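> mind folding the following:
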Amino acid sequence: MSMRSRLGARNGHIRLLLGDEQPLVRRGLRALFESDPTFRVQGEAANGTALLELASAHRPDLVLMDADLPGPHVLDVVRRLVGDQVDGGAGVVLLASEGGLDDGSVLGAARAGVRGFLLKRESSEIVSGVRDVARGGAAMSPGIVDQVLKALRRTHRQAALRPSGELALLTPREMQIFQLVAQGLTNQQIADVLVLSEATVKSHFNRICRKLALRNRVDAVILAYEMGVAGAVTQTASSL
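I've put the predicted structure just below:
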């Protein structure tokens, strides 16, 4: 059973674990989520080892953890959290300070299965971002997407490195949105460009992720560059 299915079976309550070395940060995050009845904070940990133990005991829906959490390498912790449980594992969202993630860490975390990257300074977006992930979507601070774009450009991954046949699964509108995501635009920015509602863009992007087996916006950016379609946006009829 997927993470989304488990959430539905729990009457919409989102079970959450917090991981951060700083007690003050954990306290602030706990207060943030406990003020929303949708969430149930099951526990908190100051290092990766303790976080894995809590996850094994509580089987949370989501884990919100610092990108520099002490203990085992963060990517190893992510892989364990995502892959250990037979019913799909926990969704993982990384919290980072401004400039706290290097290019390799961002790309590596995306490939390890992280579903969200949020900046600590954007506290107003943390709850909504985590909620999006719980609903099966992805959460990505624009600054993180910009960082991925710069990393890909530096490594000259614009050339198509894999067959593009699977893109035929996308409708013309989905292809437009896929290319705009690859340029680093947020859902609201895409909505403004295409004269759509933000909710419609989000719905399209979630369908894109399902069709192309993508886990987050970073996956989408990487795939677009590997297929050589991250440039100009395909034109389509406004009625689509």
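
> in the chain, what spans have low per-residue confidence?
1-12, 84-88, 99-103, 149, 151-165, 231-240 (pLDDT under 70).

> tell me the SS of Met17?
In this structure residue 17 is Leu, not Met. Secondary structure for Leu17, judged by DSSP: H, G, I helix; E, B strand; the rest coil, is strand.

> quick check: it vs Arg173, distance?
37 Å (C-beta to C-beta, to the nearest Å). Glycine gets a C-beta too; all of them are placed from N, C-alpha and C.

> just checking, what packs against the lengthiest helix in the chain?
Longest helix in the chain, counting residues (DSSP state H): helix 198-212. Judged by 3 or more C-beta pairs under 8 Å, 6 or more residues apart in numbering; DSSP states H and E, helix 198-212 is in contact with helix 172-182, helix 187-194, helix 217-226.

> what's the first-to-last distance across stretch 106-123?
End-to-end distance for stretch 106-123: 20 Å, by C-alpha to C-alpha, to the nearest Å.

> can you tell me what sits against it?
Outside stretch 106-123, the residues that touch it by C-beta atoms under 8 Å, 6 or more residues apart in numbering are 25, 28, 32, 67, 74-75, 78-79, 82-83, 89, 91-98, 101, 125-126, 129-130, 132-133, 138-141, 143-144, 147-148, 151, 215-216, 218-219, 222.

> just the buried residues from those, in ChimeraX please.
The following ChimeraX line selects those of the contacts of stretch 106-123 that are buried, judged by 16 or more other C-beta atoms under 10 Å:
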select :25,28,32,67,74,75,78,79,82,89,91,92,93,94,95,96,101,126,129,130,132,133,138,139,140,141,143,144,147,148,151,215,216,218,219,222
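
> I'd say Pro142 and Thr186 touch.
Yes: between Pro142 and Thr186 there is a contact at 5.4 Å, judged by C-beta atoms under 8 Å.

> can you list the domain ranges for the protein.
3-141, 156-226 (automatic domain parsing).

> comparing Leu17 and Arg173, which residue is more hemmed in?
Leu17 (26 against 21; other C-beta atoms under 10 Å).

> quick check: the more buried one vs Ala230, distance?
35 Å.

> list the contacts for the nearest residue to Ala112 once chain neighbours are set aside?
Residue nearest to Ala112 in three dimensions, not counting chain neighbours: Val78, with 4.5 Å by C-beta to C-beta, 6 or more residues apart in numbering. When contacts are counted by C-beta under 8 Å, 6+ apart, Val78 touches 92, 94, 109, 112-114.

> check the gap between Val78 and Gly43 for me.
The value you get for Val78 to Gly43, if C-beta to C-beta is used, is 18 Å.

> same question for Arg115.
Arg115 is 20 Å from Gly43, by C-beta to C-beta.

> which one of the two is surrounded by more residues?
A count of neighbours by other C-beta under 10 Å puts Arg115 above the other of Arg115 and Gly43, at 30 against 19.

> next, that one: phi, psi?
The phi and psi values for Arg115, taken as degrees, to the nearest 10, are phi -100, psi -10.

> give me the neighbour count for Glu21.
Neighbours around Glu21, by other C-beta under 10 Å: 14.

> using PDB, list the CA coordinates for the longest helix of the chain.
What follows is helix 198-212, C-alpha atoms only, in PDB (Å, rounded to 0.1, in the frame of the first residue of the first chain):
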ATOM      1  CA  GLU A 198      -2.300  27.000  -9.500                       C
ATOM      2  CA  ALA A 199      -4.500  24.000  -8.500                       C
ATOM      3  CA  THR A 200      -4.800  23.000 -12.200                       C
ATOM      4  CA  VAL A 201      -1.000  23.200 -12.700                       C
ATOM      5  CA  LYS A 202      -0.400  21.200  -9.500                       C
ATOM      6  CA  SER A 203      -2.900  18.500 -10.800                       C
ATOM      7  CA  HIS A 204      -1.200  18.400 -14.200                       C
ATOM      8  CA  PHE A 205       2.200  18.000 -12.500                       C
ATOM      9  CA  ASN A 206       1.100  15.200 -10.300                       C
ATOM     10  CA  ARG A 207      -0.200  13.300 -13.400                       C
ATOM     11  CA  ILE A 208       3.200  14.000 -15.100                       C
ATOM     12  CA  CYS A 209       4.900  12.500 -12.100                       C
ATOM     13  CA  ARG A 210       2.800   9.400 -12.200                       C
ATOM     14  CA  LYS A 211       3.200   8.900 -15.900                       C
ATOM     15  CA  LEU A 212       7.000   9.300 -15.900                       C
END
